[in-house]
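Trainee: Dropping the sequence and predicted coords here.
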Amino acid sequence: MSDFTDFIAQIKEWAKREDWSDNLATSFVRMAEQKLNAELRISWMIQIEDGLIASRCAPLPEDWLEMSLVRLQSGVVPDGFIPIRYKARDEFFQLPDRASFNYYTIEGRQIFFGGTPDSVNGKTVRLSYYGKVPVFADDTDSWVYTEYPNLYLSAAMMHAYMHAVGEEQQAALAKQLAEDEINKLNAEWLHSKASGSRLTRTRVRSFG
């Protein structure tokens, strides 16, 4: 018996609808994953991928949701990759090559890089991005289920109660629980990213 099978049984038990098919209960899990992909942004979702870029653009990773950091291979920094910054498309595409080498932009599912293309050696780019949560299944584990079972259950039950007749109040409660947990985890991640930084105070000088 897999974790996924247990989760499907748990959804039916919470809804008191053991007559629901596994396919129906699975659809609630898929809807929960869609909500998590749209709203959750925490460390567990960070993926790192290197790519060799020979032209001005490349497709984004299939599981890409949102960018965290983009770095370009460079010999001027200790770890060999220097951060480049996002620039809005209307500004990026007006820049000449000599002024755009440290910028990137995104259009649709493509990422565009500045600077003169290198069709011989290419440019190695390192993407740090938020990737989609795993598609939970019998043969695929999910860190969401392992690390945050209450969140996963609330997000799934929100849709389960919406499907059940007369359970609108329960659906609203499950939605609130899921969104409260998402907001809490997102805030914790933002705080933890800077938790080791020293506080720098600006020196105040008096006039005169």
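Mentor: Yep, it's here.

Trainee: quick one: Ile8 and Trp20 touch, right?
Mentor: No - Ile8 is beyond contact range of Trp20, at 9.1 Å (criterion: CB atoms under 8 Å). Placement of C-beta: from N, CA and C, glycine included.

Trainee: what about the spatially most central residue of the chain, helix or strand, and which?
Mentor: Geometric centre of the chain, nearest residue: Tyr130, 3.0 Å, by CA atoms, centre = their mean. Tyr130 is part of strand 123-131, with elements assigned from DSSP states H and E.

Trainee: From the rest of the structure, what touches the helix or strand just after that strand?
Mentor: Following strand 123-131 in sequence order, the next helix or strand is helix 143-147 (DSSP H and E). Residues outside helix 143-147 that contact it (CB atoms under 8 Å, 6 or more residues apart in numbering) are 3, 7, 36, 44, 133-134, 136, 151-152.

Trainee: send the alpha carbons of helix 143-147 over as CSV?
Mentor: What follows is helix 143-147 as a C-alpha-only set of coordinates in CSV (Å, rounded to 0.1, in the frame of the first residue of the first chain):
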residue,chain,number,x,y,z
TRP,A,143,7.6,16.0,-0.2
VAL,A,144,4.4,18.0,0.3
TYR,A,145,2.7,14.9,1.8
THR,A,146,5.7,14.0,3.9
GLU,A,147,6.6,17.5,5.2
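
Trainee: Mind checking the pLDDT average for that helix?
Mentor: The average pLDDT within helix 143-147 is 97.

Trainee: Check the offset of that helix from the chain's centre.
Mentor: Its chain's average C-alpha position is 15 Å from that of helix 143-147, according to CA atoms, centre = their mean, to the nearest Å.

Trainee: how about low-confidence regions in this structure?
Mentor: Residues of the chain that meet the criterion pLDDT under 70 lie in 1, 196-208.

Trainee: okay, now the domains of it?
Mentor: 3-40+133-150+163-190, 44-131 (automatic domain parsing).

Trainee: Go through the ones you listed and name the closest to Ala156.
Mentor: In terms of CB to CB, the element of the domains of the chain nearest to Ala156 is domain 3-40+133-150+163-190, at 4.2 Å.

Trainee: And that closest one, end to end?
Mentor: 30 Å (CA to CA, to the nearest Å).

Trainee: Tyr152 contacts Ser142, correct?
Mentor: Yes - if you go by CB under 8 Å, Tyr152 and Ser142 touch, sitting 7.5 Å apart.

Trainee: For the strand holding Tyr130, which strands pair with it and how are they oriented?
Mentor: Using DSSP bridges, strand 123-131 pairs in its sheet with strand 46-53 (antiparallel), strand 64-73 (antiparallel).

Trainee: Send me stretch 114-124 as CSV with only the CA atoms.
Mentor: Only the C-alpha atoms of stretch 114-124 are listed here, as CSV (Å, rounded to 0.1, in the frame of the first residue of the first chain):
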residue,chain,number,x,y,z
GLY,A,114,21.5,40.0,-23.4
GLY,A,115,24.9,40.4,-24.9
THR,A,116,26.4,39.1,-28.2
PRO,A,117,25.5,35.5,-28.9
ASP,A,118,28.3,32.9,-28.8
SER,A,119,27.4,30.2,-31.4
VAL,A,120,30.8,28.5,-31.0
ASN,A,121,31.3,28.0,-27.3
GLY,A,122,27.9,29.1,-26.0
LYS,A,123,27.2,30.6,-22.6
THR,A,124,26.6,28.5,-19.5
